[in-house]
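> structure for this input, please:
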Amino acid sequence: MSEIHSEWLQLENGPRAWYARPGIDGPYPGVVIFIEAFGINSHFQEVAERFAKAGYCAIVPDLYHGKTYEYADFENAIGHLKTLKDDLAMQEAGLAIAELQKRPEVMKHAIGAVGFCMGGRFAFMANAVHADKLSASVAFYGGGIAPDKDPAGRQPLLHLVDQMRAPLLLLYGAEDHSITPEEHGRIAAALSTAKKRYTLTLFPGAPHGFFADPRDSYRPEAAAEGWRLTLDHFSQHLGGQA
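Model (predicted):
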């Protein structure tokens, strides 16, 4: 699908959001995209547009309320991350879901979530908080889900597992030193104990942030396979193209 439309939207009683959709009338499945710690930059606009080209209506709620940071400005980006409140982020995610549900080009009962880094944690959380509205979730190297101690001071999320309904895909890099194999194990144990549908995949040689092509951590092969697995996951559980 080549023709797409993308634009900024204002969410009702909330922040703005970047929105990309196929150019041909739908309806199509919807996807909520959760950002990294650097804000809605050109990379995340392009990620939404990639989903639109794959046959999805993709929305990126601006959890940073207009702020963006260069990838080299790690200190200020993480400083902003530390100010985020989980309840507010989930409220704004709910506004993005509601925006998708009211649009005629979106299949209202076929909405998924995907997130990267900080956003991977939010995609995991949304799978519980918005369990009645999401049909699939994907978390790329979501930090802060079940750490021994989170350097950003965030609360772990395993207490939310029982609330989850949608199938979950978890993607990690084997060289991601911020998310340990022990954390993978705690997440898998919690999901298995709760009898939830999930897949956890590890990419050898891939560091944290392997999907983001503007970053030094980008690994093309892992990124391409992670994208294919994501589209397969959404195709199976939301419909749309694989």
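> mind listing what's buried along the lengthiest helix in the chain?
Determined from DSSP state H, the single longest helix within the chain is helix 220-238. Neighbour-count burial for helix 220-238, counted by 16 or more other Cβ atoms under 10 Å, picks out 222, 223, 225, 226, 227, 230, 231, 233, 234, 235, 237, 238. Using the backbone N, CA and C atoms, a C-beta is placed for each residue, glycine as well.
> want to throw those into TSV with distance to residue 135 and pLDDT?
Shown next, in TSV, are these (distance: Cβ to Cβ, whole Å; pLDDT from 0 to 100):
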residue	distance to residue 135	pLDDT
222	26	98
223	24	98
225	23	98
226	20	98
227	19	98
230	14	98
231	15	98
233	11	98
234	9	98
235	12	97
237	5	97
238	6	96
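> so how far is the first residue of stretch 139-149 from its last?
Using Cα to Cα, to the nearest Å, the end-to-end distance of stretch 139-149 comes to 20 Å.
> distance from the chain centre to that stretch, please.
Taking Cα atoms, centre = their mean, to the nearest Å, one finds the center of stretch 139-149 at 13 Å from the center of the full chain.
> before we move on, what about stretch 64-84?
17 Å.
> what's the closest of the buried residues of helix 220-238 to residue 131?
Ranked by distance to residue 131 (Cβ to Cβ), these are led by residue 237 at 13.6 Å.
> look up how far residue 115 lies from the closest one.
From residue 237 across to residue 115, the span is 16 Å (Cβ to Cβ, to the nearest Å).
> show me the shaky parts of this protein.
1-2, 240-242 (pLDDT under 70).
> do that again at 90, thanks
Scanning the chain for pLDDT under 90 picks out 1-2, 25-26, 151-153, 239-242.
> where exactly do the strands run in it?
Ranges of strands in the chain, per DSSP state E, are 4-10, 16-22, 28-34, 57-61, 106-116, 136-140, 168-173, 198-203.
> what's the distance between the residue nearest to residue 23 when sequence neighbours are not counted and residue 109?
Spatial nearest neighbour of residue 23, excluding adjacent residues (Cβ to Cβ, 6 or more residues apart in numbering): residue 3 at 3.3 Å. Computed as Cβ to Cβ, the residue 3 to residue 109 distance reads 26 Å.
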